[in-house]
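Q: with the sequence up front, the predicted model follows.
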Amino acid sequence: MYKAPTGEEYFILDGHTHFWDASPENQRNIHGKQFIDCFYGYHSALSPPEEVWTREQFDKYDAEKMHQDVIVDGHVDMAIVQSTRLKDFYKKGFNTPEKNYELVKKYPERFIVSGAFDPRDGEHALEDIAYQVEAFKCQGMKLYTAEWNGSSRGWKLSDPDAYRCFEQCEKLGIKNIHIHKGPTITPLDKDAFDVNDVDHAATDFPNLNFVVEHVGLPRLDEFCWIAVQEQNVYAGLAVVSAFMHARPGYFAEMMGELLFWLGEDRILFGSDYAIWTPRWLVEKFAALELPDAIKDERGVDLTTDVKAKILGLNAARLYDIDVEAKKAAIAKL
């Protein structure tokens, strides 16, 4: 539990973290270097100066460091580790379910693995989903619609093969689908992260929750117009949260829009670790006050109760986590 200087206590569930290996030894080709260069560019440009890592530290870190940064120092009670394989760019994959499960084995009360699938793999994708649920206890899936796969440089949530994968998820009890729909990363194509296919999938699979990570930036308006119609669409604040430091006015405007259109129950905090560490993000968000102009125009506010939902309770609800029971289990560690 994070206790703010003003006395409020928050259960923190970081909905978007990574355990990656982008070291030169793992890079398959120039595209692996381009990808992590782009991540480091976001990290360097949007972090407070004292939070910027060395490049060597950023490329690869171990489970103990991630636990220290996220759980021990980061105020986070639990974290979802999102998977992004990128096998076309990295020999062992960038951020695989197999690697992420190392964290669950070491710290079972603290981490949840979100798996990954690529519908372009056909029948193997269906088998892969089933394997991950059994082997890694995956409770969600992370999709990267701009990921390269041979000659293909992207796919859509509305593709027939994607629908077969969603049906498989439903069959196996996976209900939370996290989708990168935000800023592009070199060398991936920006248009392959377009948000419009969310509308199709959310309509046709009402029993699934579609968490749009990075809220579709730079397509925030399009995302909000989709999400206001599709009640099973959620906003993931990874990347967005970093603007609290770099562009606080911009962040306040985005929060005003999200609260106006989606409401307080469909917004999830995410640090995007290791692009950013959660400690300073949690502290800044807990202390944040929206400008009066935004509150008055949109009729919204970031009260303590609203912050508590965004920082952890909303994600806990999606993942069927009994917060009081979890706090009791953590207290015994």
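A: Done, it's in.

Q: how about the secondary structure of A235?
A: Taking DSSP: H, G, I helix; E, B strand; the rest coil as the rule, one finds A235 in the strand state.

Q: tell me what the biggest helix by length in the chain is packed against?
A: Counting residues, the longest helix found in the chain (DSSP state H) is helix 30-46. Using 3 or more Cβ pairs under 8 Å, 6 or more residues apart in numbering; DSSP states H and E, the elements in contact with helix 30-46 are helix 55-59, helix 243-246. Just so you know, the C-beta spots here come from the backbone N, C-alpha and C atoms, and that holds for glycine as well.

Q: any idea which of the ones you listed is most buried?
A: Neighbour counts (mean count of other Cβ atoms under 10 Å) averaged over each of those peak at helix 243-246, with a mean of 18.

Q: kindly export the helix or strand following it (C-alpha atoms) in CSV.
A: Downstream of helix 243-246, the first helix or strand assigned by DSSP states H and E is helix 248-261. C-alpha atoms of helix 248-261 as CSV (Å, rounded to 0.1, in the frame of the first residue of the first chain):
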residue,chain,number,x,y,z
PRO,A,248,1.8,18.3,-17.2
GLY,A,249,-0.8,20.5,-19.0
TYR,A,250,-1.1,18.0,-21.8
PHE,A,251,-1.5,15.2,-19.3
ALA,A,252,-4.2,17.1,-17.4
GLU,A,253,-6.1,17.6,-20.7
MET,A,254,-5.9,13.9,-21.5
MET,A,255,-7.1,12.9,-18.1
GLY,A,256,-10.0,15.4,-18.4
GLU,A,257,-11.0,13.8,-21.7
LEU,A,258,-10.7,10.2,-20.4
LEU,A,259,-12.7,11.0,-17.3
PHE,A,260,-15.4,12.8,-19.4
TRP,A,261,-15.8,10.1,-22.0
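
Q: contacts for helix 248-261, please.
A: Here helix 248-261 makes contact (Cβ atoms under 8 Å, 6 or more residues apart in numbering) with 215, 220-221, 224-225, 227-228, 235, 240-241, 243-244, 267, 288, 290-291, 294-295, 297-302, 306.
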